[in-house]
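Novice: below is the sequence, then the predicted model.
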Amino acid sequence: MDGFVVAIFVPVVVFLVVVAPIWIVFHYRSKASSVGGLSANERADLDEMIETANKMAARIETLESILDVESPGWREKQAHG
């Protein structure tokens, strides 16, 4: 019976003293890095995409205003198919 207790007790103690703290530290470190937000490169890419989307929206509005003048019923024609 003493051999069985030692065979179970020693690995459990090693796990609790060595493995568990390292596991917990790495877990919370990865959580902190994922919550940290965007990196500088990601933020720059996002700003560039926002600028491009705004330019496209302005172009679409311009094209729609031109179509409204040149072909007043284009929206209804498009809706009917």
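Specialist: That came through fine. Numbering: from 1, shown residues only.
Novice: average pLDDT across the lengthiest helix in the chain?
Specialist: Secondary structure assigned by DSSP state H gives helix 40-70 as the longest helix of the chain. Mean pLDDT, computed over helix 40-70, is 94.
Novice: check what contacts the helix or strand following it and list those residues.
Specialist: Sequence-wise, the next helix or strand downstream of helix 40-70 (DSSP states H and E) is helix 74-80. By C-beta atoms under 8 Å, 6 or more residues apart in numbering, the surrounding residues in contact with helix 74-80 are 67-68. Using the backbone N, CA and C atoms, a C-beta is placed for each residue, glycine as well.
Novice: show me this protein divided up by domain.
Specialist: Split into domains by automatic domain parsing, the chain comes to 1-37, 38-81.
Novice: can you redo the ones you listed as TSV with mean neighbour count?
Specialist: As requested, the domains of the chain are arranged in TSV below (neighbours: other C-beta atoms under 10 Å):
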stretch	mean neighbour count
domain 1-37	9
domain 38-81	10
